[in-house]
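A.B. asks: I'll drop the sequence and a predicted model, then ask my questions.
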Amino acid sequence: MEKMSVYKSKILILDACVRKEQSRTKRLLDYAVKIYEKTHEEAEMKHLVLEEMPLSYHTCKSLAERDRLLQKGQMDHPRFDLAHEFAQADGIIVAAPFWDMGIPAVLKVYLENISVEGITFGCNEKGLYGLCGAKWMLYLSTRGSICGGTPLEQGTPYLAALCDLFGIPKLESVSAEGLDIFGIDVGAKLAEAEEKICDICTKI
Ligand SMILES: Cc1cc2nc3c(=O)[nH]c(=O)nc-3n(C[C@H](O)[C@H](O)[C@H](O)COP(=O)(O)O)c2cc1C
(Lines give C-alpha, C1' and ligand atoms only; values in the text may rest on other atoms or scores of the structure.)
Protein backbone atom coordinates (compact mmCIF):
# COMPACT_ATOMS: atom_id res chain seq x y z
CA MET A 1 0.00 0.00 0.00
CA GLU A 2 1.21 3.49 -0.82
CA LYS A 3 2.29 5.49 2.22
CA MET A 4 0.25 8.64 2.87
CA SER A 5 2.44 11.69 3.32
CA VAL A 6 1.44 13.76 6.33
CA TYR A 7 1.69 17.52 5.93
CA LYS A 8 3.81 19.00 8.67
CA SER A 9 2.66 22.48 9.56
CA LYS A 10 5.58 24.84 9.99
CA ILE A 11 5.48 26.95 13.13
CA LEU A 12 8.04 29.73 13.37
CA ILE A 13 9.02 30.95 16.83
CA LEU A 14 10.48 34.44 17.10
CA ASP A 15 12.15 34.52 20.49
CA ALA A 16 13.04 38.06 21.55
CA CYS A 17 13.34 37.17 25.24
CA VAL A 18 16.56 39.09 25.75
CA ARG A 19 16.96 38.10 29.42
CA LYS A 20 16.92 34.44 28.38
CA GLU A 21 16.38 32.07 31.31
CA GLN A 22 15.53 34.95 33.70
CA SER A 23 12.83 36.13 31.31
CA ARG A 24 9.21 35.75 32.41
CA THR A 25 8.17 36.05 28.76
CA LYS A 26 10.41 33.06 27.99
CA ARG A 27 8.46 31.08 30.60
CA LEU A 28 5.24 31.87 28.69
CA LEU A 29 6.92 30.88 25.43
CA ASP A 30 8.15 27.55 26.81
CA TYR A 31 4.66 26.83 28.07
CA ALA A 32 3.04 27.72 24.72
CA VAL A 33 5.50 25.48 22.84
CA LYS A 34 4.84 22.59 25.22
CA ILE A 35 1.05 22.86 24.83
CA TYR A 36 1.20 23.44 21.08
CA GLU A 37 3.45 20.42 20.53
CA LYS A 38 1.24 18.25 22.69
CA THR A 39 -1.92 19.21 20.80
CA HIS A 40 -0.44 19.39 17.28
CA GLU A 41 1.76 16.35 16.78
CA GLU A 42 2.14 17.15 13.09
CA ALA A 43 3.76 20.53 13.78
CA GLU A 44 7.37 21.27 12.98
CA MET A 45 8.62 24.06 15.24
CA LYS A 46 11.56 26.26 14.26
CA HIS A 47 12.93 28.39 17.10
CA LEU A 48 14.80 31.58 16.20
CA VAL A 49 16.63 33.21 19.10
CA LEU A 50 16.80 36.67 17.58
CA GLU A 51 19.59 37.96 19.77
CA GLU A 52 21.89 35.20 18.51
CA MET A 53 21.28 35.97 14.84
CA PRO A 54 23.46 38.25 12.71
CA LEU A 55 20.68 40.79 12.18
CA SER A 56 21.32 44.40 11.29
CA TYR A 57 19.03 47.33 10.76
CA HIS A 58 18.75 49.01 7.37
CA THR A 59 21.36 51.56 6.40
CA CYS A 60 21.60 53.79 3.34
CA LYS A 61 24.01 51.28 1.78
CA SER A 62 22.12 48.10 2.71
CA LEU A 63 18.81 49.50 1.43
CA ALA A 64 20.39 50.45 -1.89
CA GLU A 65 21.81 46.89 -2.18
CA ARG A 66 18.42 45.41 -1.35
CA ASP A 67 16.65 47.58 -3.92
CA ARG A 68 19.19 46.58 -6.57
CA LEU A 69 18.55 42.87 -5.90
CA LEU A 70 14.78 43.38 -5.95
CA GLN A 71 14.95 45.30 -9.22
CA LYS A 72 16.93 42.45 -10.77
CA GLY A 73 14.39 39.96 -9.38
CA GLN A 74 17.05 38.10 -7.37
CA MET A 75 14.57 36.84 -4.78
CA ASP A 76 16.72 33.77 -4.10
CA HIS A 77 19.59 35.89 -2.74
CA PRO A 78 20.58 34.73 0.80
CA ARG A 79 19.65 38.10 2.28
CA PHE A 80 16.00 37.20 1.61
CA ASP A 81 16.16 33.75 3.28
CA LEU A 82 14.52 34.99 6.49
CA ALA A 83 11.71 36.66 4.56
CA HIS A 84 10.99 33.43 2.63
CA GLU A 85 11.02 31.43 5.86
CA PHE A 86 8.55 33.87 7.44
CA ALA A 87 6.31 33.88 4.36
CA GLN A 88 6.21 30.06 4.26
CA ALA A 89 5.31 29.52 7.93
CA ASP A 90 1.82 28.25 8.76
CA GLY A 91 1.77 29.89 12.18
CA ILE A 92 4.01 32.33 14.03
CA ILE A 93 4.68 32.66 17.74
CA VAL A 94 6.30 35.91 18.85
CA ALA A 95 7.65 36.14 22.41
CA ALA A 96 8.85 39.60 23.38
CA PRO A 97 9.05 41.46 26.68
CA PHE A 98 7.28 44.83 26.75
CA TRP A 99 9.96 47.46 26.33
CA ASP A 100 9.51 51.20 26.00
CA MET A 101 5.77 50.75 25.48
CA GLY A 102 6.33 48.40 22.58
CA ILE A 103 8.72 45.73 21.38
CA PRO A 104 12.49 45.29 21.89
CA ALA A 105 14.74 46.59 19.12
CA VAL A 106 15.96 43.11 18.20
CA LEU A 107 12.43 42.15 17.15
CA LYS A 108 11.99 45.38 15.20
CA VAL A 109 15.24 44.68 13.35
CA TYR A 110 14.12 41.14 12.50
CA LEU A 111 10.80 42.51 11.19
CA GLU A 112 12.64 45.11 9.13
CA ASN A 113 14.57 42.26 7.51
CA ILE A 114 11.58 40.08 6.65
CA SER A 115 9.38 42.89 5.37
CA VAL A 116 10.20 42.58 1.67
CA GLU A 117 8.00 43.55 -1.25
CA GLY A 118 7.44 40.54 -3.46
CA ILE A 119 8.03 38.04 -0.63
CA THR A 120 6.00 38.94 2.47
CA PHE A 121 3.78 41.59 0.88
CA GLY A 122 2.94 42.97 -2.53
CA CYS A 123 1.77 46.25 -3.91
CA ASN A 124 -0.55 47.09 -6.82
CA GLU A 125 -2.72 49.99 -7.95
CA LYS A 126 -5.14 49.23 -5.09
CA GLY A 127 -2.44 49.36 -2.43
CA LEU A 128 -0.63 46.81 -0.28
CA TYR A 129 -1.56 43.16 0.09
CA GLY A 130 -0.15 40.25 2.05
CA LEU A 131 1.78 37.31 0.63
CA CYS A 132 2.32 35.24 3.79
CA GLY A 133 0.79 31.83 4.33
CA ALA A 134 0.49 31.95 8.12
CA LYS A 135 -3.04 31.62 9.39
CA TRP A 136 -2.26 33.10 12.77
CA MET A 137 0.27 34.93 14.91
CA LEU A 138 0.42 34.45 18.67
CA TYR A 139 2.10 37.34 20.50
CA LEU A 140 3.27 36.60 24.04
CA SER A 141 4.62 39.25 26.33
CA THR A 142 5.02 40.31 29.93
CA ARG A 143 4.78 43.90 31.09
CA GLY A 144 6.03 45.78 34.10
CA SER A 145 2.93 47.96 34.30
CA ILE A 146 -0.75 47.45 33.52
CA CYS A 147 -1.59 49.18 30.25
CA GLY A 148 -3.08 46.54 27.94
CA GLY A 149 -5.94 47.86 25.83
CA THR A 150 -4.89 51.51 26.31
CA PRO A 151 -2.96 53.73 23.87
CA LEU A 152 0.11 53.20 26.04
CA GLU A 153 0.41 49.61 24.83
CA GLN A 154 1.99 49.75 21.39
CA GLY A 155 3.17 46.14 20.96
CA THR A 156 -0.18 44.60 20.00
CA PRO A 157 -1.34 47.38 17.63
CA TYR A 158 2.03 47.33 15.87
CA LEU A 159 1.95 43.57 15.31
CA ALA A 160 -1.72 43.79 14.27
CA ALA A 161 -0.75 46.33 11.60
CA LEU A 162 2.04 44.05 10.36
CA CYS A 163 -0.31 41.04 10.27
CA ASP A 164 -2.56 43.16 8.08
CA LEU A 165 0.35 44.04 5.80
CA PHE A 166 1.55 40.44 5.55
CA GLY A 167 -1.92 38.94 5.10
CA ILE A 168 -2.01 37.04 8.39
CA PRO A 169 -5.69 36.94 9.29
CA LYS A 170 -5.54 36.34 13.04
CA LEU A 171 -3.50 37.87 15.86
CA GLU A 172 -3.82 36.48 19.39
CA SER A 173 -2.14 38.52 22.10
CA VAL A 174 -1.52 37.25 25.63
CA SER A 175 0.34 39.20 28.28
CA ALA A 176 1.03 38.90 31.99
CA GLU A 177 0.86 42.48 33.19
CA GLY A 178 1.95 44.47 36.20
CA LEU A 179 4.86 42.17 36.96
CA ASP A 180 7.05 45.00 38.28
CA ILE A 181 4.38 46.49 40.55
CA PHE A 182 5.47 46.23 44.16
CA GLY A 183 3.73 43.38 45.98
CA ILE A 184 2.10 41.84 42.90
CA ASP A 185 1.78 38.07 42.80
CA VAL A 186 3.98 37.39 39.77
CA GLY A 187 3.37 33.62 39.88
CA ALA A 188 -0.41 34.13 39.83
CA LYS A 189 -0.18 36.58 36.91
CA LEU A 190 1.94 34.17 34.89
CA ALA A 191 -0.39 31.28 35.70
CA GLU A 192 -3.36 33.36 34.55
CA ALA A 193 -1.61 34.07 31.25
CA GLU A 194 -0.72 30.38 30.87
CA GLU A 195 -4.37 29.46 31.19
CA LYS A 196 -5.22 31.76 28.27
CA ILE A 197 -2.28 30.40 26.27
CA CYS A 198 -3.46 26.83 26.85
CA ASP A 199 -6.91 27.71 25.59
CA ILE A 200 -5.58 29.46 22.47
CA CYS A 201 -2.92 26.84 21.66
CA THR A 202 -5.41 24.01 21.68
CA LYS A 203 -7.72 25.93 19.29
CA ILE A 204 -5.39 27.51 16.72
C1 LIG B 1 14.71 47.88 28.69
C2 LIG B 1 13.39 47.73 29.40
C3 LIG B 1 12.33 48.54 29.04
C4 LIG B 1 11.10 48.40 29.69
N5 LIG B 1 10.05 49.21 29.33
C6 LIG B 1 8.86 49.06 29.94
C7 LIG B 1 7.76 49.89 29.58
O8 LIG B 1 7.86 50.77 28.73
N9 LIG B 1 6.58 49.71 30.21
C10 LIG B 1 6.39 48.73 31.17
O11 LIG B 1 5.29 48.58 31.67
N12 LIG B 1 7.43 47.94 31.52
C13 LIG B 1 8.63 48.09 30.94
N14 LIG B 1 9.69 47.27 31.28
C15 LIG B 1 9.45 46.20 32.27
C16 LIG B 1 9.22 44.88 31.53
O17 LIG B 1 8.15 44.98 30.62
C18 LIG B 1 8.89 43.74 32.49
O19 LIG B 1 9.84 43.65 33.53
C20 LIG B 1 8.83 42.42 31.73
O21 LIG B 1 8.26 41.43 32.53
C22 LIG B 1 10.20 41.99 31.28
O23 LIG B 1 10.10 40.78 30.60
P24 LIG B 1 11.12 39.58 30.79
O25 LIG B 1 11.02 39.12 32.23
O26 LIG B 1 10.63 38.57 29.82
O27 LIG B 1 12.47 40.11 30.46
C28 LIG B 1 10.93 47.42 30.70
C29 LIG B 1 12.03 46.62 31.05
C30 LIG B 1 13.24 46.77 30.43
C31 LIG B 1 14.40 45.89 30.82
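C.D. replies: Structure received. All values derive from a computational prediction rather than experimental measurement. Numbers count the residues shown, from 1 in each chain.
A.B. asks: OK, contacts around the residue minimising distance to the centre of the chain?
C.D. replies: Among the residues of the chain, the one closest to the centroid is Val94, at 3.1 Å (CA atoms, centre = their mean). Taking CB atoms under 8 Å, 6 or more residues apart in numbering, we find Val94 in contact with 14, 16, 107, 137-140, 159. To be clear about C-beta, it is placed using only N, CA and C from the backbone, and glycine gets the same treatment.
A.B. asks: would it be right to say that it lies in a strand?
C.D. replies: Yes: using DSSP: H, G, I helix; E, B strand; the rest coil, the secondary structure at Val94 is a strand.
A.B. asks: is it bridged to anything, and to what?
C.D. replies: According to DSSP bridges, the partner residues bridging Val94 are Leu14, Tyr139.
A.B. asks: any idea how far Lys34 is from it?
C.D. replies: Separation of Val94 from Lys34 (CB to CB, to the nearest Å): 17 Å.
A.B. asks: before we move on, what about Leu14?
C.D. replies: Between Leu14 and Lys34 the distance, using CB to CB, works out to 17 Å.
A.B. asks: higher neighbour count, the two?
C.D. replies: Between Leu14 and Lys34, counted using other CB atoms under 10 Å, the more crowded position is Leu14 (24 against 14).
A.B. asks: can you give me the pLDDT of that one?
C.D. replies: pLDDT, the model's per-residue confidence, is 98 for Leu14.
A.B. asks: tell me the spacing between it and Ser175.
C.D. replies: With distances taken as CB to CB, Leu14 is found 16 Å from Ser175.
A.B. asks: re the thing from before, for the contacts of Val94, pick the one with the most neighbours.
C.D. replies: Neighbour tally across these (other CB under 10 Å): the maximum, 28 neighbours, falls on Leu140.
A.B. asks: contacting residues around that residue?
C.D. replies: When contacts are counted by CB under 8 Å, 6+ apart, Leu140 is found next to 25, 28-29, 32, 93-96, 174-175, 193, 197.
A.B. asks: for those, give me CSV that also has distance to Lys61 and pLDDT.
C.D. replies: Listed next are the contacts of Leu140 as CSV, based on distance: CB to CB, whole Å; pLDDT from 0 to 100:
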residue, distance to Lys61, pLDDT
Thr25, 34, 98
Leu28, 38, 98
Leu29, 34, 98
Ala32, 38, 98
Ile93, 33, 98
Val94, 29, 98
Ala95, 32, 98
Ala96, 28, 98
Val174, 39, 98
Ser175, 37, 98
Ala193, 42, 98
Ile197, 41, 98
